[in-house]
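Asks: have a look at this fold, sequence not included:
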């Protein structure tokens, strides 16, 4: 099962429409964004479950932050249509706010809520990333870095493809990672061709070497002097393009059928070096 709602890292729940059904995220994403709140709820349930009984079973008062955390859990459970946890957290909140409810009932409420959450998610996959993988997942500025992305923000789709390449690598989807890297490269190379005034649009249907030859031929026309600073800058970018071509190990811009982690990482490094130099042309 996946959890369907829109997440926002910096503000917690969105103020306008906190949980939207059109975006699908995993349980891991929920824990990633809301780990502190889930930890607090676990602590609260544990505290409630160990309430000491007095002779008269008098009620223990709970602080406002505890009520607020449980209210947050109630909102999440409702939007996710988790009927069991919704009913249980409503009961617990009602009894915590009531002056007449005994501690023994509150303890039963807390146990029931904890068990209903366990039952709801029992058997569901939980995804975790290593520290190395996490470096590529949902990074601000993607693996290319914020400065590079800011310089290339005008290129349609590039930021999205760079982000997806990083996410795919983080989740061991190496062939999909390479596919998005190919799209990053294509967008950049198309921009080079347009800036240099090439008549024919550069596309993934062209062989890598033909693309490089076309660009280099145009450079010679525009900047005939080999020591021209503009030509030198473009030649440095072409050098990285050659590296990408070798890393792809394919004569055309179409990637091969599948890629390993090592191969994908090599292409990420090559694309990163290419895009960094391209961004300052």
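Replies: Yep, it's here. Everything numeric in this text was worked out from a predicted model, so none of it was measured.
Asks: quick one: residues contacting residue 280.
Replies: Under the criterion of CB atoms under 8 Å, 6 or more residues apart in numbering, the contact list for residue 280 reads 151, 233. C-beta here means a position set from N, CA and C on the backbone, and glycine is covered the same way.
Asks: so it is in which element?
Replies: Here residue 280 sits in a region with no helix or strand, counting by DSSP states H and E.
Asks: now the phi/psi pair for it, please.
Replies: phi -110, psi 10 (degrees, to the nearest 10).
Asks: ok, now how distant is it from residue 157?
Replies: As judged by CB to CB, to the nearest Å, residue 280 and residue 157 stand 21 Å apart.
Asks: next, count neighbours for residue 158.
Replies: 23 (other CB atoms under 10 Å).
Asks: and for residue 169, the neighbour number?
Replies: 25.
Asks: which residue packs closest to it, ignoring adjacent ones?
Replies: residue 177 (4.3 Å; CB to CB, 6 or more residues apart in numbering).
Asks: so that neighbour, which of the three states?
Replies: Under DSSP: H, G, I helix; E, B strand; the rest coil, the three-state class of residue 177 is helix.
Asks: OK, contacts around it?
Replies: So, once contact is read as CB under 8 Å, 6+ apart, residue 177 ends up touching 165, 166, 168, 169, 259, 264, 268.
Asks: most neighbours, which of those residues?
Replies: residue 165 leads the contacts of residue 177 on contacts (other CB under 10 Å) with 28 neighbours.
Asks: my guess is that one contacts residue 184. True?
Replies: Yes: with contact defined as CB atoms under 8 Å, residue 165 reaches residue 184; the gap is 6.6 Å.
Asks: okay, and the common contacts of those two?
Replies: residue 271.
Asks: how about the strands in the stretch 51-200 of the chain?
Replies: Counting by DSSP state E, counting those that start in this stretch, the stretch 51-200 of the chain has no strands to list.
Asks: any weak-confidence spans in it?
Replies: By pLDDT under 70, the low-scoring segments of the stretch 51-200 of the chain are 51-62, 123-127, 200.
Asks: where do the helices sit along it?
Replies: 64-79, 83-97, 103-121, 131-134, 146-151, 158-170, 174-196 (DSSP state H, counting those that start in this stretch).
Asks: most neighbours per residue, which of those?
Replies: Most buried of the helices of the stretch 51-200 of the chain, by mean neighbour count (mean count of other CB atoms under 10 Å): helix 158-170, with a mean of 22.
Asks: now that one and helix 174-196, what's the angle there?
Replies: 160 degrees (axes from the mean of the first three to the mean of the last three CA atoms, to 10 degrees).
Asks: same for helix 158-170, what does it pack against?
Replies: Here helix 158-170 touches helix 131-134, helix 174-196, helix 261-278, going by 3 or more CB pairs under 8 Å, 6 or more residues apart in numbering; DSSP states H and E.
Asks: and the gap between the closest residue in space to residue 265 that isn't next to it in sequence and residue 226?
Replies: In this structure, residue 265 finds its nearest non-sequential neighbour in residue 169, 7.5 Å apart by CB to CB, 6+ apart. Distance of residue 169 to residue 226, computed by CB to CB: 38 Å.
Asks: make TSV out of the helices of the stretch 51-200 of the chain and add distance to residue 248.
Replies: Output for these, formatted as TSV (distance: least, CB to CB, whole Å):
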stretch	distance to residue 248
helix 64-79	44
helix 83-97	49
helix 103-121	41
helix 131-134	23
helix 146-151	21
helix 158-170	14
helix 174-196	8
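Asks: which one of the ones you listed lies closest to residue 237?
Replies: For the helices of the stretch 51-200 of the chain, proximity to residue 237 was assessed by CB to CB; helix 174-196 is nearest, at 7.2 Å.
Asks: list the buried residues of the helix or strand following that closest one.
Replies: The helix or strand immediately downstream of helix 174-196 is helix 208-222, counting by DSSP H and E. By 16 or more other CB atoms under 10 Å, the buried positions in helix 208-222 come out as 208, 211, 212, 214, 215, 218, 219.
Asks: and the angle from helix 208-222 to helix 174-196?
Replies: Going by the same axes, to 10 degrees, helix 208-222 makes 20 degrees with helix 174-196.
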